[in-house]
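In: Compute the structure for the input listed below.
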Amino acid sequence: MNSSTKKLALWVIILPDLAILYLSLFLAIRIRYPGGLEAQQVQAHLLAFSIIFLMWLVVFFVHGLFEVQNFRRYTSLVFNLASSMVVGLLLAVLYFYLQPNLILTPRRFLLIEVGIAFGLLLVWHLLIKYFLKNRLVEGVYLFSFNNELNELEAAIKDHSYLGFRVLGHLNEETLQSMQLQKYAGIILPDNISSSPAVSAKLYELRNLGLNFYNHSEFYEDLLRRIYLSQINEVWFLENINYQEKRFYNLVKRAVDMALSLIGFLFFIVTFPIVALLLKFSSKGPVFFVQERVGKKGEIFKVYKYRSMQEGLLNPENTWTSVNDPRITKFGKFLRMSKIDEWPQFTNLLLGHMSLVGPRPEQPHIVEELKKKIPFYDERHLVKPGLTGWAQLNIYAGNLEESRLKLQYDLYYIKHRSFFFDLEIILKTIYYIFTWQGR
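Out: Numbers count the residues shown, from 1 in each chain. Got it, this is the predicted structure:
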């Protein structure tokens, strides 16, 4: 972070955040105690919450809320702030628990304060992102030996809203003569260490305030998917946790059970209506049952409402394409609204699937893709999901789209967490209500 960026963080983020915290405190007092408080009580609130606010600022710093990259994506901005407030709430509860002699007992007041603070901070951070979007742009140079970063350059241009701009290309010759902008970034290929002379020259440039990025890591952070053509067996050993995440899996299973019970009730209640509409709109069975591949290659049967015409729907057929002509008019509605997936709450209850995970594919498609796409079988490390990171980003209807889909699946497997699952669930809900399903 250069000096101008540090000043920006101080005057535009840190100090306003502190002012907003105190504003939220006074608003919470007015809401919780409409009759007002005595001066001694107000002073006690100020003293206690001043300590809490200092702890919160430390939490914000640890979560990266004051870093420029936090403002590149709306999802990062919202979820980093939300997770910070959750941690801050827990710290505040612990603080009051360890201070039993305080004259105030926050309880509901603390929840009001956290809610107001989160809302005000979120609005302010969104305004920062909107008004300072041009200040958040970072120029980058692409260093390559054989133009191996052309794909990355195209991705940067296609995602310019994320705040990166290509300043030029570097190679062994131009590196010696080109005048580089201060505080820019240089993206390096994975084989940069193969040239000691180039490595030494780049090391000399470190004092210009340049940021150096590894190509694969930059690609992953920019697009939130794995750069598939650059990974090998060692990558999986270094980046994928093959041990069971016991606590994560236990909590995730509990959430799956709770939400699938609610979903199953919706399925049971709406079943007569959906079944009648299916029968009236087209000939054929109500349900479509098909074998799919689950965790560690387990074969199970998945249940869905039929959305295609009878006779054209083959359980052993290959991919379904976008705007597939086999899909009926009512089937299109079922797909757009995700109602066709509701019978799969049965699979969640049985433990075949999770709410979030890679989409389960047919066994013969899996066998075909395993032969053509390296490491395709690694997506079966976790349970398949009713929704997932790849499902939100691409609909795979051919080999190349399946390759891209695997990049998103591997990114999810590498980064899976409670907050990532929550992000996927919230985005899925948004897609349903904005009719972005397929």
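In: Now do the nearest residue to residue 201 once chain neighbours are set aside against residue 330, distance only.
Out: Nearest non-adjacent residue to residue 201, counting by Cβ to Cβ, 6 or more residues apart in numbering: residue 175, 5.7 Å away. No exception for glycine: its C-beta is placed from N, CA and C like everyone else's. With distances taken as Cβ to Cβ, to the nearest Å, residue 175 is found 61 Å from residue 330.
In: next one: residue 129
Out: For residue 129, the distance to residue 330 (Cβ to Cβ) stands at 41 Å.
In: these two touch, right, the residue nearest to residue 201 and residue 145?
Out: No. Residue 175 lies out of contact with residue 145 (Cβ atoms under 8 Å); the separation is 11.0 Å.
In: residue ranges with poor pLDDT in this protein?
Out: 1-11, 100-106, 133-135, 311-323, 435-438 (pLDDT under 70).
In: In the longest helix anywhere in it, which of the residues would be classed as buried?
Out: Using DSSP state H to define each element, the chain has its longest helix at helix 246-281. Using 16 or more other Cβ atoms under 10 Å as the test for burial, helix 246-281 gives 252, 255-256, 260, 263-264, 267, 274, 278.
In: Which strands or helices does the following helix or strand past it pack on?
Out: Once helix 246-281 ends, the next helix or strand along the chain (criterion: DSSP states H and E) is strand 287-293. Secondary-structure packing of strand 287-293 (3 or more Cβ pairs under 8 Å, 6 or more residues apart in numbering; DSSP states H and E): strand 299-305, helix 363-372.
In: Which strand or helix spans residue 45?
Out: Assigned by DSSP H and E, residue 45 belongs to helix 39-62.
In: domains of this protein?
Out: Using automatic domain parsing, the domain ranges for the chain come out as 3-131, 138-221, 246-433.
In: of all the ones you listed, which lies closest to residue 236?
Out: Nearest to residue 236 among the domains of the chain is domain 246-433; the distance by Cβ to Cβ comes to 6.5 Å.
In: Show me how far that closest one is from its chain's centre.
Out: In terms of Cα atoms, centre = their mean, to the nearest Å, the gap separating the centre of domain 246-433 from the centre of its chain is 18 Å.
In: Could you do stretch 119-138 as well?
Out: 19 Å.
In: That stretch: which residues count as buried?
Out: In stretch 119-138, counting by 16+ other Cβ under 10 Å, buried: 120-121, 124-125, 128-129, 136, 138.
In: From these, which land in strands?
Out: Of these, the ones assigned to strands by DSSP state E are residue 138.
In: Next one: residue 129 from residue 78, what distance?
Out: Counting by Cβ to Cβ, the gap from residue 129 to residue 78 is 11 Å.
In: Residue 389 now?
Out: In terms of Cβ to Cβ, residue 389 sits 17 Å off from residue 78.
In: now swap in residue 238 and tell me
Out: Counting by Cβ to Cβ, the gap from residue 238 to residue 78 is 30 Å.
In: who has more neighbours, these two?
Out: residue 78 (16 against 8; other Cβ atoms under 10 Å).
In: Relative to residue 20, how far out is the residue nearest to that one when sequence neighbours are not counted?
Out: Leaving aside its sequence neighbours, residue 78 sits nearest to residue 122 (Cβ to Cβ, 6+ apart; 6.8 Å). Separation of residue 122 from residue 20 (Cβ to Cβ): 10 Å.
In: swap in residue 398?
Out: 49 Å.
In: and what of residue 206?
Out: From residue 206 across to residue 20, the span is 37 Å (Cβ to Cβ).
In: rewinding a little: quick one: the domains of the chain as a markdown table, columns for distance to residue 234 too.
Out: Below are those laid out as a markdown table (distance: least, Cβ to Cβ, whole Å):
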| stretch | distance to residue 234 |
| --- | --- |
| domain 3-131 | 27 |
| domain 138-221 | 11 |
| domain 246-433 | 12 |
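In: Tell me which of residue 206 and residue 20 has more neighbours.
Out: residue 20 (19 against 9).
In: and that one, what are its phi and psi?
Out: phi -70, psi -40 (degrees, to the nearest 10).
In: thought it was touching residue 117?
Out: Yes. When contacts are counted by Cβ under 8 Å, residue 20 is listed as touching residue 117 (6.8 Å).
In: Any chance you could list what contacts the helix or strand containing residue 114?
Out: If you go by DSSP H and E, residue 114 is part of helix 108-131. Here helix 108-131 makes contact (Cβ atoms under 8 Å, 6 or more residues apart in numbering) with 12-13, 16-17, 20-21, 23-25, 27-29, 31-32, 49, 65, 71, 74, 77-78, 81-82, 85, 88-89, 92-93, 96, 106, 136.
In: Can I get that helix in PDB, CA atoms only?
Out: What follows is helix 108-131, C-alpha atoms only, in PDB (Å, rounded to 0.1, in the frame of the first residue of the first chain):
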ATOM      1  CA  ARG A 108     -31.000  -6.200  23.400                       C
ATOM      2  CA  PHE A 109     -29.200  -2.800  23.300                       C
ATOM      3  CA  LEU A 110     -26.000  -4.500  22.000                       C
ATOM      4  CA  LEU A 111     -28.000  -6.200  19.200                       C
ATOM      5  CA  ILE A 112     -29.600  -2.900  18.200                       C
ATOM      6  CA  GLU A 113     -26.200  -1.200  18.200                       C
ATOM      7  CA  VAL A 114     -24.600  -3.900  16.000                       C
ATOM      8  CA  GLY A 115     -27.500  -3.800  13.600                       C
ATOM      9  CA  ILE A 116     -27.400  -0.100  13.200                       C
ATOM     10  CA  ALA A 117     -23.600  -0.100  12.900                       C
ATOM     11  CA  PHE A 118     -23.600  -2.800  10.300                       C
ATOM     12  CA  GLY A 119     -26.200  -0.900   8.200                       C
ATOM     13  CA  LEU A 120     -24.400   2.500   8.400                       C
ATOM     14  CA  LEU A 121     -21.000   1.000   7.700                       C
ATOM     15  CA  LEU A 122     -22.300  -1.000   4.800                       C
ATOM     16  CA  VAL A 123     -23.900   2.100   3.200                       C
ATOM     17  CA  TRP A 124     -20.700   4.100   3.700                       C
ATOM     18  CA  HIS A 125     -18.400   1.400   2.200                       C
ATOM     19  CA  LEU A 126     -20.700   1.000  -0.800                       C
ATOM     20  CA  LEU A 127     -20.500   4.800  -1.300                       C
ATOM     21  CA  ILE A 128     -16.700   4.600  -1.100                       C
ATOM     22  CA  LYS A 129     -16.700   1.900  -3.700                       C
ATOM     23  CA  TYR A 130     -18.900   3.900  -6.000                       C
ATOM     24  CA  PHE A 131     -17.300   7.300  -5.800                       C
END
